[in-house]
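Participant: this one's sequence-less:
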């Protein structure tokens, strides 16, 4: 479905909004989508087509659709949505970014919007045009950044239109900016050389006793991490080693075996190992294959004494890196190999790439994992009335407003 939403008189071009079921994304669509992901003002790997298009074979992605703002064949914005009830006791439905697949597998839901001087204009076209392609006039924007270019553009777009907005909740998530994460000088040169070697072939590049970027951590936590490293080395009989497996497809089976070796491999304990989920396994293999082919996969293994302690996967989109999946050896859980591995992966990213940030993609409830990273970023869940009397009435309804802990405003900011 496609509809015109705006005209640029100077260039006499027409901006369209389209609604594409995920199952109907074409190769041409995927190529335009990828160009958008590369140039997005706020990168989001969870809306990268290499992450999302392979999900169409999964049952929980069945209702997923992509709203697209397009001009002359180029995508200016994209947002993944499903349609669902606003709330249990509230009338009406909403186009929500938090459907079954996105809620389970995506920790960031904000739209991709091409950078440049038209961010607010394009975001306005995306939201205001949803009803023209058959979506409800209410939009649930979940896990939307509360600061930055997108937040400013949303406030501008809502402020100059009849749209209304409520805030439902906000949460603080872990984050790592390059500027907050000084990489030890010896690690930077070693990591760069090792990463270059790994990307040139399938042989893993190794660093013995890799330095870890921990200057941002409290003194007692730095000491504890050093104690854990020494404990792992004593328990395994060898020094800690970092292996860059990014270019090695054989790493995938080693990771899957490690993930299934612990409680995640036991279905009776609620384990969610990929080897227990054939559709999920196929999705994982397709995702990592595409990112590896493009040189945008980051796979790190920590080992000692010939034993694998941790394997972590990161994905690059729009120049930034995002955490994807990881697994650790549960036999050595007392020494926190997961925390050490995540710090090692962050250090490796900043030492071997020019990425502006590393987003570990931890939810706020994972406090143990989140606290080891240097920065925090706030996200908000918003309900936006884009068009229509019914949508505005639902938004203004007192019971709903109480549940959303907000009140209507024509020109809201996102900082409360």
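Facilitator: Right, received. Where do you want to start? Keep in mind that this is a model prediction, so the values were computed, not measured.

Participant: buried stuff in the helix or strand hosting residue 166?
Facilitator: Assigned by DSSP states H and E, residue 166 falls within strand 164-177. Using 16 or more other CB atoms under 10 Å as the burial criterion, the residues of strand 164-177 that qualify are 164, 165, 166, 167, 168, 170, 173, 174, 175, 176, 177. In short, each C-beta sits where N, CA and C put it, glycine included.

Participant: cool, stretch 27-43 as well?
Facilitator: Using 16+ other CB under 10 Å as the test for burial, stretch 27-43 gives 29, 32, 33, 34, 36, 37, 39, 40, 41, 42, 43.

Participant: do the same with stretch 17-29
Facilitator: Applying 16+ other CB under 10 Å to stretch 17-29 flags 17, 18, 19, 20, 22, 25, 29 as buried.

Participant: what do you get for stretch 44-64?
Facilitator: For stretch 44-64, a neighbour-count test (16+ other CB under 10 Å) marks 44-56, 58, 60-61, 64 as buried.

Participant: Could you work out the end-to-end span of it for me?
Facilitator: Stretch 44-64 has an end-to-end distance of 17 Å (CA to CA, to the nearest Å).

Participant: Output the below-cut-off pLDDT ranges for this structure.
Facilitator: 1-13, 87-91, 185-204, 364, 387-416 (pLDDT under 70).

Participant: how about the helices in it?
Facilitator: Secondary structure of the chain by DSSP state H: the helices cover 27-39, 49-52, 100-105, 119-128, 149-159, 185-199, 219-236, 250-261, 278-293, 337-352, 367-370, 389-396, 398-404.

Participant: Would you reformat these as JSON lines and include distance to residue 93?
Facilitator: Rendered in JSON lines, the data for the helices of the chain read as follows (distance: least, CB to CB, whole Å):
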{"stretch": "helix 27-39", "distance to residue 93": "26"}
{"stretch": "helix 49-52", "distance to residue 93": "22"}
{"stretch": "helix 100-105", "distance to residue 93": "15"}
{"stretch": "helix 119-128", "distance to residue 93": "16"}
{"stretch": "helix 149-159", "distance to residue 93": "21"}
{"stretch": "helix 185-199", "distance to residue 93": "47"}
{"stretch": "helix 219-236", "distance to residue 93": "46"}
{"stretch": "helix 250-261", "distance to residue 93": "37"}
{"stretch": "helix 278-293", "distance to residue 93": "27"}
{"stretch": "helix 337-352", "distance to residue 93": "39"}
{"stretch": "helix 367-370", "distance to residue 93": "33"}
{"stretch": "helix 389-396", "distance to residue 93": "10"}
{"stretch": "helix 398-404", "distance to residue 93": "13"}
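
Participant: So which of these is nearest residue 303?
Facilitator: When those are compared by CB to CB, helix 219-236 sits nearest residue 303, at 8.2 Å.

Participant: Buried residues in the closest one, which are they?
Facilitator: 225, 228, 229, 232, 233, 235, 236.

Participant: I'd like to know how many residues surround the residue lying closest to residue 216 once chain neighbours are set aside.
Facilitator: In this structure, residue 216 finds its nearest non-sequential neighbour in residue 374, 3.6 Å apart by CB to CB, 6 or more residues apart in numbering. Counted with other CB atoms under 10 Å, the neighbours of residue 374 add up to 19.

Participant: Tell me who's in contact with residue 374.
Facilitator: Taking CB atoms under 8 Å, 6 or more residues apart in numbering as the contact definition, residue 374 lies against 175, 176, 177, 180, 181, 216, 217.

Participant: Identify, from those, the entry nearest to residue 100.
Facilitator: residue 175 (26.0 Å).

Participant: Look up which residues are beta-bridged to that closest one.
Facilitator: Going by DSSP bridges, residue 175 is paired in beta bridges with residue 375.

Participant: mind checking how far it is from residue 358?
Facilitator: Distance check for residue 175 against residue 358: by CB to CB, to the nearest Å, it reads 8 Å.

Participant: do the same with residue 277
Facilitator: For residue 277, the distance to residue 358 equals 27 Å [CB to CB].

Participant: picking that back up, output the buried residues of strand 164-177 in a markdown table, with distance to residue 69 appended to each entry.
Facilitator: Below are the buried residues of strand 164-177 laid out as a markdown table (distance: CB to CB, whole Å):
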| residue | distance to residue 69 |
| --- | --- |
| 164 | 21 |
| 165 | 19 |
| 166 | 24 |
| 167 | 24 |
| 168 | 25 |
| 170 | 26 |
| 173 | 27 |
| 174 | 31 |
| 175 | 27 |
| 176 | 31 |
| 177 | 29 |
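
Participant: closest to residue 262 among those residues?
Facilitator: Using CB to CB, residue 174 is the member of the buried residues of strand 164-177 that lies nearest residue 262, at 22.6 Å.

Participant: Please report how far the residue lying closest to the closest one once chain neighbours are set aside lies from residue 98.
Facilitator: Nearest residue to residue 174 in three dimensions, chain neighbours excluded: residue 370, at 3.7 Å (CB to CB, 6+ apart). Distance from residue 370 to residue 98, counting by CB to CB: 20 Å.

Participant: residues contacting the residue lying closest to residue 301 once chain neighbours are set aside?
Facilitator: In this structure, residue 301 finds its nearest non-sequential neighbour in residue 243, 4.3 Å apart by CB to CB, 6+ apart. Residues counted as contacts of residue 243 (CB under 8 Å, 6+ apart) are 204, 205, 206, 300, 301, 302, 303.
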